[in-house]
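Visitor: Sequence first, predicted model second:
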Amino acid sequence: MVELTPIEQAVLKAMQELGATKEDSIKTADDITKKSNRPKGLVTNALVTLVQKSLIKRVAREKAAGYYIMKQQ
């Protein structure tokens, strides 16, 4: 099991509540920020580290990148 910081846990929880669990239901960093009720900078940093830990996937799109959970905890 990968160790997660409290903000990473909050981001993952927000993504699960938003239903961002597969590629056809990706959410933007703004969506996740609003749902998690955390500062955008912290959420953005947490998204980067969660991608590095291979827990979520970043999908580059024309406007804003989207994210979804790859592995359920």
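Guide: Yep, that arrived.
Visitor: Let me know the secondary structure of the residue lying farthest from the centre of the chain.
Guide: Computed with C-alpha atoms, centre = their mean, the maximum C-alpha offset from the centroid of the chain is found at Glu62, amounting to 18.4 Å. Glu62 falls in the coil class when you classify it by DSSP: H, G, I helix; E, B strand; the rest coil.
Visitor: SS state for Arg58?
Guide: strand.
Visitor: so what's it up against?
Guide: Arg58 is in contact with 47, 51, 65-67, counting by C-beta atoms under 8 Å, 6 or more residues apart in numbering. C-beta: built from backbone N, CA, C; applies to glycine.
Visitor: The residue nearest to Tyr67 when sequence neighbours are not counted: how many residues sit nearby?
Guide: Leaving aside its chain neighbours, Tyr67 sits nearest to Ile56 (5.3 Å; criterion: C-beta to C-beta, 6 or more residues apart in numbering). Number of residues near Ile56 (other C-beta atoms under 10 Å) recorded here: 25.
Visitor: From here on, call the first residue 830.
Guide: New numbering, starting at 830: the last item is Ile885.
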